[in-house]
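**Q** take this sequence and fold it.
(chains A and B)
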Amino acid sequence: MIAALRNWTDQLLGRGAAAITVPMFDGALKPNQILEQAETFAELEDPEDLATDGTSLFVADGATVLRYDGDVVTTVAQLDERITGLAVLPHGGLALALGGTELRVVGGPRDGRTWTSVAGNRLNAANAIHATADGRLLVTDGSQTQPCDRWCHDLMSLGRSGRLIELNLTDGRAREIASGLAYAFGTAAAGKNIWVCESWAHRVVAYGEGTGPTPIVSRLPCYPSRLSPAADGGYWLTAFTCRTQLVEFVLRQSAYRTRMMKEIDPRYWIAPALTSGNTFLEPLQGAHLKMRGIHKPWAPPRSYGLVMRLSPNGLIQYSLHSRVDGKNHGVVAAVECQGTLFVLAKGRQRILKLTVAELGRGLLS
Amino acid sequence: MTEAIVELRKATKKYAGVPAIEDIDFTLLRGEIHTLVGENGAGKSTLTKVMAGVVPLTSGQMYIEGREVRPETPVHALQLGIAMVFQETSLVPTMTVAQNLFLGQERFFNRLRGIYIAAQQFLQSLQFDVDPTATVSLLGAAKKQMVEIARAVLHKAKVIIFDEPTASLTPEEKKYFFDLIFNLKARGVSVIFISHALEEALLVSDRITVLRDAKLVVTDRKENFDRARIVQAMVGRDLSQTLYGQRKTSMRPAGKRVLSIENLRMAAMVKNNSLSVFAGQITGVFGLVGSGRTETFKVAAGVIKRDIMYGGEVLLHDKPVRYLVPAPAVRDGIVYVTEDRKVEGFFETKSIADNIYLGFLAKLRGGRKLVSKREASQVGEQFIKRLNIRAISKDVKAIELSGGNQQKLVIAKSLVQEPEVIIFDEPTRGVDVNAITEIHQLINQLADEGKAVVVISSYLPEVMALSDRILVCRMGKVVEEFSALEATEEKIMYAAIH
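**A** I've put the predicted structure just below:
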């Protein structure tokens, strides 16, 4: 009764969950155009994930895994289903998420091992894999209700059915570390803990042995996606779009949201997107305002590109942006390989290339 | 312009046997702008108060246009042609602007409409954008200053004395103020101008007089001064390299986000403002008056309240907090060091130790039932030493301290609360150069200790000298952020105005 009353007053006064506030891009998240101005390394048909073995870059493109050694490209695996997650195993071989519903090891000593369900529940939207040095696979299963490519439906239905899963490569055992996550997307081992991104909760949380979720980075102004380790400690965290007050408002209006989902083509929803500016029917993202002599977009952005560099304890050190007027949006993966950071801007189906040392010099002052 | 309008010969004023000014020979020429500079307690205010009839001379003579005079009251001084605009405005807050302008000049029967029309015409002639029907208490500091100046001009003063007139003005308003001073000069009015801002002294003055320890050190034309010479004359040593002169070559990396403000709204002053404050950094906040910078942080510290409906959020360590009064904010580690120390900063009739101890008690939930004199004394002594508050003893009343030491007292009162977030609003307003250096060192030390420090200042060199990152506010929200290394005065000012 009290909770209901509080909920009602919150709705009336715009407080608590109804406050509809969004954190600002400031401090280490201060926008720049580094991602927008980054060199394009490759443009592909349907890139989904990146991985590295320390010397080469591996790209999941549709149902194919490509290997880049400098400019030389080779196809290392051709599958029958779309790849939704990719990891290079430390002792050889690849771990792949196929269509979000199956995990399969290809090549290496565990070739052919597969998983389709964990803890009695079928895999539904496996979207990121992290291989640990001790032979475990950490996997995020984004949602139990919506497949990978319907992530926006999951957001708009306020989905909280994501899972963090651990698979043992040696004996094939599988266990669920956490469930009920607000879209699990991206994971990495951090010492004895496991970090996992909860996109709809805008945070990265840590799970340890017997310990519940501990926030590492919270109240992000964006929807985080995959995590990957950085060469000199810390992590690269990507975000596929940023939050806006308008979308936050829509997420709190159930009747409006339900009707929008029922009647409107998903391409034109008031919802985040991996890319935008393709048609005038899209909501917003077009307006601008002249400030300090330059045109600045002010309308709530629909898509955005962002990579964050985290310290080993989860502090954001600097960030790379493709702003609302840019194109390299919908960043879903970033991996560091031999001093080069490769970033996958899925919105543009592009892989971008940046030199880590230069980023450090320019942004870590 | 060479004709002397006011002269003081061997002027001495003693308070309880202690000279505030001693053997001063001072000449003010007709139509000149004469700036008095000196540390707090150097005797600037006393010298001008003698001329304005606020206090009488203990010994020495004063001449106006060659005639010996002894102004006994400010009204008498005004009759002699000397008006003074005080640092703290002397307007009646409950009266309108027009009523204040004509205060003391009322006829037996007054027609309010007539007064308003006359005031409107007069204010327009001075190009002052002030509504004559507005109640003074509702005006900002800058507008109050304008009314004070207008009143002095209205009384046809031959000499107008300004005590720290620009302290509460924004750069834009300062420009209007300086235009007004030049306008007065063109009309043959002499202006005495007390300022701590040396750049202003060098910009507007014809001549500059430096006072130190109740004595006149030097009077010379401004062409013969530079910043270093003034500072050296003021303090007897070279401080120019340690004050605002140095440009930052490195900045502290940001720690954890401690305080964040999201989409904050507060009446017409703060409009959808969002910002973050990080541990181990000094966040400088610059903006013109009315940009909402002070109000934003006052809301964060519980000094004022945000809008009731859709007022946005204040988050401490990512948890929403809402303070209706400052006490819970203090307990959570947020303190606000006020810009108006005399009104909000301390109890002026209480001792230094008592004031600091009151700060300590404010941190405790429910206060203390029994107050320990010994504890008060210990806490007081500890902070007097730590902040180098110069006073004869800890029992000296706050009102008896100089501006710089009063400011240190306000800071001590906040630091005793062991805060995590310290918001300094105009930390060196009306403070002498020596104290400025000490306060700046303290602010830097707090950031080095890992505290989240916010410095709100209208003085660009101060913002640039202290801050690791600079937020620029305009029209109720943060419009730009600069790192200390990329910021320039031009960039900041451009962002604040355009």
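
**Q** what's the local residue count around residue 349?
**A** You didn't say which chain, so I picked chain A. Around residue A:349 there are 18 other residues, counting by other Cβ atoms under 10 Å in any protein chain shown. In this view, the C-beta of every residue, glycine as well, is placed from N, C-alpha and C.

**Q** I was thinking of chain B, sorry if that wasn't clear
**A** Residue B:349 is flanked by 10 other residues according to other Cβ under 10 Å.

**Q** quick check: residues of the stretch 301-450 of chain B near chain A?
**A** B:308, B:309, B:310, B:311, B:312, B:313, B:315, B:318, B:320, B:322 (Cβ under 8 Å from any Cβ of the partner chain).

**Q** now do 10 Å
**A** B:307-315, B:317-320, B:322 (Cβ under 10 Å from any Cβ of the partner chain).

**Q** and those residues, which of them are buried?
**A** B:310, B:311, B:312, B:313, B:314, B:315, B:318 (16 or more other Cβ atoms under 10 Å in any protein chain shown).

**Q** find the pair from the residues you listed with maximum spatial separation.
**A** Farthest pair in these (Cβ to Cβ) is B:310 and B:318. Separation: 20.5 Å.

**Q** list phi and psi for residue 229.
**A** Just going to use chain A. phi -70, psi 140 (degrees, to the nearest 10).

**Q** contacts only, for it.
**A** A:52, A:130, A:188, A:189, A:190, A:235, A:236, A:312, A:335, A:336 (Cβ atoms under 10 Å, 6 or more residues apart in numbering or on different chains).

**Q** now the helices for the stretch 101-250 of chain A?
**A** Per DSSP state H, counting those that start in this stretch, the stretch 101-250 of chain A carries helices over the ranges A:151-156, A:245-251.

**Q** what comes up buried for the helix or strand following the last one?
**A** Sequence-wise, the next helix or strand beyond helix A:245-251 is helix A:254-263, with elements assigned using DSSP states H and E. Of the residues in helix A:254-263, those buried by neighbour count under the rule 16+ other Cβ under 10 Å are A:257, A:260.

**Q** wait, does helix A:254-263 contact chain B?
**A** No. Judged by Cβ under 10 Å from any Cβ, helix A:254-263 and chain B are separated, with a smallest distance of 17.7 Å.

**Q** tell me what that helix is packed against?
**A** Helix A:254-263 sits against helix A:151-156, helix A:245-251, with contacts defined as 3 or more Cβ pairs under 10 Å, 6 or more residues apart in numbering or on different chains; DSSP states H and E.

**Q** same thing but 6 Å
**A** Of the remaining helices and strands, none touches helix A:254-263 by 3 or more Cβ pairs under 6 Å, 6 or more residues apart in numbering or on different chains; DSSP states H and E.

**Q** low-confidence ranges in the chain?
**A** In the absence of a named chain, this looks at chain A. A:284-300, A:362, A:364-365 (pLDDT under 70).

**Q** actually it's chain B I care about, not the one you picked
**A** With pLDDT under 70 as the threshold, chain B has low-confidence stretches at B:1-2, B:16-18, B:39-41, B:87-89, B:108, B:141-142, B:167-170, B:235-247, B:289, B:497-498.

**Q** quick check, central residue of it?
**A** Nearest to the mean C-alpha position of chain B, by Cα atoms, centre = their mean, lies residue B:429 at 3.5 Å.
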